[in-house]
Structure formats: C-alpha cells, structure tokens
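# turn this into a structure:
(one chain, ligands or ions: 2)
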Amino acid sequence: MSKLLTKLEEVFPKQKKEIAAFVKEHGDKEVSKVTLAQAYGGMRGVTGIVCDTSVVPPDKGLIIRGIELDNLRDKLPEEIIWLLLTGELPNKEELDDLIKEIGKRKGVPDYVWTTLEALPKDSHPMVMLSAGILIMQRESAFTQKYNEGSGKDEYWVHTLEDALTLFARMPELAAGIYRMRFNKGERIKPNPDFDMGKDLANMLGLAAGDEEFIKLMRLYITLHSDHEGGNVSAFAASIINSALADLYYSLSGGLNGLAGPLHGLANQECLGWVLDLLERYHGAPTEEELEKFTWETLQAGKVVPGYGHAVLRITDPRFNALLEFGKQYMPEDPVFLTVSRVFNVVPEVLKQVKKIKDPWPNVDAASGSLLYHYGMTEFSFYTVMFSIARAIGIATQSVVARAMGFPITRPKSLPTEDFAKLVKK
Ligand code: NMX
Ligand code: MLT
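Residues are numbered from 1 along each chain as shown. Ligands and ions are numbered 1, 2, ... in the order given. Prediction:
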C-alpha cells in the first residue's frame with residue numbers, strides 16, 4: 001500500500017466526522033446572501049461551494065492548505081499533490097514513495113496515439129488532450145469498482161487510483177501531442193524515476209537537459225495546480241464528478257473550460273497580443289506606444305488578455321513568481337521585456353475604465369513569454385500546459401469530495417418571471 005493511501009486512511013475519516021458534526025451543529029446558519037445582480041452576474045461573490053484544498057482571498061491570492069504561494073514556489077508538483085490531499089507537506093520518504101507510485105503508472109497506451117493520429121491535422125491541441133483523456137476512460141478504476149458494487153466509503157480510494165494514473169499520464173500525453181501536432185519528431189518516452197516537471201521538460205524535447213527549463217516546468221505546474229473551487233475548470237469538473245462520472249469524464253469535461261479565452265486560453269491570447277505589439281513597433285514598444293495599443297484594444301471592444309480577475313483584486317502572486325523567474329533567467333529577452341513593460345502600463349489604463357474591477361495581471365499575463373523563450377513558440381499549446389497542472393487541482397478536489405461523501409451538486413434555477421415575482425415580494 002502506498003504511503004499516500006495509508007496517510008489518507010488516517011486523515012479522511014477524522015475530517016469526515018468533523019465536517020458531519022460541524023454541519024449538524026451549524027447547518028441552519030446563513031453563510032451568504034444572493035442578490036438579483038449576483039444571480040444574473042455569474043454568481044460572483046456568492047459563497048456556496050466547499051473547497052478545502054486551497055483558497056484565494058482577493059487581497060492575497062492563492063493559499064494552499066494554509067501556505068501562501070510565495071512559500072511553495074520551490075516545491076515539486078508531487079509535494080503539492082501530497083499537500084492538497086493531506087493538508088501537510090510530505091517528508092522525504094513520503095515524497096519519494098509518491099514519485100515512485102506515479103512512476104509505476106507511467107505509459108500512455110498505444111490505442112490513444114492511434115486515435116489521436118487519426119484526428120484532422122489542424123485539430124486544436126486542447127481537443128487532442130481532452131479526447132486523449134476521454135478515450136482512456138475504459139480504464140477507470142472508479143467505474144470498474146462502482147460496477148462491481150463498491151461501497152460509498154471506498155469511492156475516494158478508486159478516485160485516488162484514477163488520479164494517480166492520470167498524474168502519471170498527463171505529461172506524456174501532453175508532450176506527445178506537442179511533438180505530433182507540431183512535427184517535432186518521435187515521441188520521447190517517460191522516465192519512471194523523474195518527477196512530473198523534469199519528465200515533462202524531457203519529453204517535450206525542448207532545451208534538452210537544461211536545468212533552467214526543468215525548474216520552469218516544476219514552477220509552472222505548481223503555480224497552476226489549484227485555485228480554489230469556483231474557477232470554471234475546477235467547478236465544471238466537480239459538478240460532473242458529483243454525478244459519480246469518473247475522473248476521466250470529469251477531468252476531460254472540466255479542462256474544456258480552460259479552452260475559453262476568459263479562462264486558460266488567455267495565455268495564448270496574451271502572447272499573441274504581445275507579439276502583435278512587437279510586430280507593430282518593430283521590437284519592444286515604448287510605454288507611450290503600449291498605452292496607445294491598450295486603448296485601441298479596449299476601443300475595439302476586446303479584453304486585454306492576462307489582465308483582470310473574477311476574485312483577485314491585487315497582482316496575482318502567480319504572475320509575480322513568473323515575472324521574477326524571467327527577471328532572473330531572461331532579463332533581456334524582447335518578449336519578456338515587453339511583458340514586464342506591459343505590466344507598467346496596462347493597470348494604469350485599466351484603472352481608468354470604471355467597470356473593470358481588477359486592473360492587475362493574472363497568471364496568464366506572463367506564462368507564455370517564458371515558454372516562448374525556451375522555444376515553445378506554438379502558443380496554441382499553452383492551454384495544454386495549463387491543463388497538465390490544473391489536472392492536479394481537479395483530481396485532488398474530487399478525491400477529497402468523494403472522501404467527504406459530498407452529494408450531487410444541483411443548485412436551484414428560476415426563470416426571469418419568477419425572479420420578478422420574488423423581487424416584488
Ligand atoms: N480588459 C478589458 N475589459 C475587461 C477586462 C480586461 N482585462 N477585465 C474585465 N473587463 C470588463 C469585463 O469584460 C466586463 O465588461 P462588460 O460589463 O462590458 O461585460 C467588466 O469589465 C466587468 O468585469 P469584471 O467584473 O471586472 O470581471 P469579471 O469577473 O466579469 O471577469 C475576467 C473576469 C478574468 C473574465 C476578465 O477580467 C477578463 O476577461 N480578463 C481578460 C481575460 C483573462 O485574462 N482571463 C484569464 C483569467 C485567469 N485565468 O487563468 O483563468
Ligand atoms: C484560475 O487559475 O482558475 C484562474 O485564475 C481563474 C479563476 O480563479 O477564476
């Protein structure tokens with residue numbers, strides 16, 4: 001039995017009992033109110049979802065199990081997985097054991113590659129990723145055990161099994177898609193001894209063996225892993241999983257949300273915006289040119305990608321972490337230079353637009369420029385990079401939800417005429 005499973009067998013029953021007692025004692029207390037504007041406004045600010053893995057206070061940004069992101073920047077993705085699930089960072093033995101457990105499960109089956117090779121050559125890499133995850137559903141341990149009549153108390157064990165398999169396969173699936181879709185040559189096999197970040201760097205075949213790039217891959221996965229429960233990808237996946245559709249179905253479904261320009265696709269759009277700037281001004285633009293370009297974007301009725309957030313009201317600490325990485329390793333790179341110059345100008349412009357609640361950069365404003373520097377210039381792939389990481393948050397949230405025995409998610413909706421009646425009352 002893996003050390004993670006043993007640890008969770010100790011942690012989860014206690015937590016489940018505590019939650020049951022908590023809800024029994026305080027179940028009728030009000031925790032949030034919903035105004036009509038919120039019902040029509042994407043439920044912004046409505047507190048109605050439980051997520052114990054992480055929280056995003058508007059004035060602080062991501063905190064994973066009580067630890068602020070700035071204190072987690074140098075952690076391996078596997079340490080984050082352990083932390084998200086158990087509430088503690090692993091010791092050396094626990095970490096090695098988890099890397100070994102994931103290593104054992106590496107190896108994307110051939111039928112996945114055959115299917116992906118048959119897709120139209122211009123398919124978006126996100127379509128390939130989502131399809132690749134979905135067609136592996138036939139291997140779901142959860143569905144198999146469910147069909148054999150598994151008890152409810154064991155659901156989380158089978159979900160964990162699916163999660164570990166998916167953690168093992170996601171980097172290989174993504175890297176294989178990168179190499180296939182962009183004609184980079186043969187796929188590179190996973191190494192069972194490598195952590196997720198190092199293996200991903202190796203299998204992409206970029207900047208081979210470059211310690212900086214490995215460091216970036218680890219940081220990238222850690223930063224994008226989880227962002228509480230209400231973001232589009234995690235929430236969508238958790239709703240699907242709450243119907244007891246297994247992790248293959250729910251991960252594939254949730255990650256499709258990342259493909260939207262208001263969510264994960266913003267990293268692709270942001271780099272496109274920066275490259276347009278460079279082309280227009282024949283190199284890194286001045287701050288005056290940047291200001292002009294930003295106003296033009298707004299006047300064309302478009303959003304400035306990588307800026308604004310539904311929850312945050314400060315510069316995203318994930319953006320800061322990436323910016324500092326860039327300042328350390330590529331300070332003179334023209335794309336990175338433009339990204340840091342954009343940061344000096346865009347918030348001041350967005351502050352002048354009253355309706356925009358958060359003028360600050362989010363994680364997507366910087367990530368693309370760093371990938372571009374190491375040779376990943378195909379920016380339609382950037383959302384796949386986000387997905388490898390977000391799979392960690394989605395899967396760990398599902399394991400916890402099944403362990404706590406949360407029921408199917410099903411809020412109430414009303415037609416406008418019924419809201420009108422409610423308002424009149
Ligand atoms: N550029 C232009 N307009 C903006 C921006 C921006 N960066 N951010 C918000 N607005 C507009 C928004 O479109 C809305 O306009 P309207 O009422 O005409 O529809 C208005 O300001 C109010 O929006 P907010 O309440 O400030 O933001 P909301 O919570 O609705 O949306 C985002 C949050 C993230 C969807 C929005 O800020 C945005 O579209 N940003 C650019 C895209 C982006 O970077 N997305 C990535 C988010 C992070 N991620 O990784 O997922
Ligand atoms: C995320 O990481 O999911 C994004 O910042 C969007 C969000 O939190 O709503």
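# what helix or strand does A401 sit in?
helix 382-403 (DSSP states H and E).
# please identify the buried residues of that helix?
For helix 382-403, burial by neighbour count (16 or more other CB atoms under 10 Å) applies to 382-403. Glycine gets a C-beta too; all of them are placed from N, C-alpha and C.
# what residues does the stretch 201-350 of the chain put near ligand 1?
Residues of the stretch 201-350 of the chain lying near ligand 1 by CB under 6 Å from any ligand atom: 262-264, 266, 298, 303-310.
# and if you look at the stretch 1-150 of the chain?
Going by CB under 6 Å from any ligand atom, the residues of the stretch 1-150 of the chain near ligand 1 are R44.
# all strands of the stretch 1-150 of the chain, in order?
54-55, 63-64, 67-68 (DSSP state E, counting those that start in this stretch).
# nearest to ligand 1 within the stretch 1-150 of the chain, name that residue for me.
R44 (5.8 Å; CB to the nearest ligand atom).
# residue contacts, that residue?
38, 310 (CB atoms under 8 Å, 6 or more residues apart in numbering).
# check the gap between it and E30 for me.
19 Å (CB to CB, to the nearest Å).
# what of L255?
In this view, L255 and E30 are 34 Å apart by CB to CB.
# those two: which is more packed in?
Neighbour count, other CB atoms under 10 Å: between L255 and E30, L255 has more, with 27 against 5.
# quick one: pLDDT of the more buried one?
If you check L255, the pLDDT there is 98.
# wasn't it part of a strand?
No - read with DSSP: H, G, I helix; E, B strand; the rest coil, L255 is helix and lies in no strand.
# distance of R181 relative to ligand 1?
22 Å (CB to the nearest ligand atom, to the nearest Å).
# my guess is that residue contacts F381, does it?
Yes - counting by CB atoms under 8 Å, R181 touches F381, with 7.4 Å between them.
# more neighbours: which of these two?
Per other CB under 10 Å, whichever of R181 and F381 has more neighbours is F381, with 23 against 20.
# so who does the residue nearest to that one when sequence neighbours are not counted touch?
Nearest residue to F381, sequence neighbours excluded (CB to CB, 6 or more residues apart in numbering): P125, at 5.0 Å. Neighbour list for P125: 177-178, 181, 380-381, 383-384 [criterion: CB under 8 Å, 6+ apart].
# could you rerun that using 10 Å?
Residues in contact with P125 (CB atoms under 10 Å, 6 or more residues apart in numbering) are 174, 177-178, 180-182, 259, 268, 378, 380-385, 387.
# ditto for Y111
By CB under 10 Å, 6+ apart, the contact list for Y111 reads 135-136, 138.
# just those residues: which are in helices?
Members of the contacts of Y111 lying in helices (criterion: DSSP state H): I135.
# only whichever of the contacts of Y111 are buried, select them in PyMOL.
Only the buried entries of those go into this PyMOL selection, using 16+ other CB under 10 Å:
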select buried, resi 135+136
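# my read: E212 touches L206, true?
No - using CB atoms under 10 Å as the test, E212 is too far from L206 to be in contact (11.3 Å).
# residues that sit against both of these two, list them.
Y374.
# where does the prediction get shaky in the stretch 151-300 of the chain?
Residues of the stretch 151-300 of the chain meeting the criterion pLDDT under 70: none.
# contact residues of it facing ligand 2?
So the stretch 151-300 of the chain meets ligand 2 at 227, 231, 263 (CB under 6 Å from any ligand atom).
# if we go to 8 Å?
By CB under 8 Å from any ligand atom, the part of the stretch 151-300 of the chain that sits against ligand 2 consists of 224, 227-228, 230-234, 258, 263-264.
# make JSON lines out of these and add distance to E10 and secondary structure.
Formatted as JSON lines, those follow (distance: CB to CB, whole Å; DSSP: H, G, I helix; E, B strand; the rest coil):
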{"residue": "H224", "distance to E10": "29", "secondary structure": "helix"}
{"residue": "H227", "distance to E10": "27", "secondary structure": "coil"}
{"residue": "E228", "distance to E10": "25", "secondary structure": "coil"}
{"residue": "G230", "distance to E10": "29", "secondary structure": "coil"}
{"residue": "N231", "distance to E10": "30", "secondary structure": "coil"}
{"residue": "V232", "distance to E10": "33", "secondary structure": "helix"}
{"residue": "S233", "distance to E10": "30", "secondary structure": "helix"}
{"residue": "A234", "distance to E10": "26", "secondary structure": "helix"}
{"residue": "L258", "distance to E10": "33", "secondary structure": "helix"}
{"residue": "H263", "distance to E10": "36", "secondary structure": "coil"}
{"residue": "G264", "distance to E10": "35", "secondary structure": "coil"}
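# quick revisit: what's the closest of the strands of the stretch 1-150 of the chain to ligand 2?
Of those, nearest to ligand 2 by CB to the nearest ligand atom is strand 54-55, at 10.0 Å.
# who does the closest one pair up with?
Note on strand 54-55: by DSSP bridges, its sheet partners are strand 63-64 (antiparallel).
# residues near K184, how many?
Around K184 there are 16 residues (other CB under 10 Å).
# also L5?
With other CB under 10 Å as criterion, L5 counts 15.
# try K60
If we define neighbours as other CB under 10 Å, then K60 has 15 of them.
# and N183, by the same measure?
For N183, the neighbour count with other CB under 10 Å is 7.
# what sits against it?
So N183 contacts K121 (CB under 10 Å, 6+ apart).
# next one: phi and psi at it?
phi 50, psi 50 (degrees, to the nearest 10).
# measure it to ligand 2 for me?
Applying CB to the nearest ligand atom to N183 and ligand 2 gives a distance of 31 Å.
# do the same with S413
S413 is 21 Å from ligand 2, by CB to the nearest ligand atom.
# likewise R105?
Counting by CB to the nearest ligand atom - R105 and ligand 2 are separated by 26 Å.
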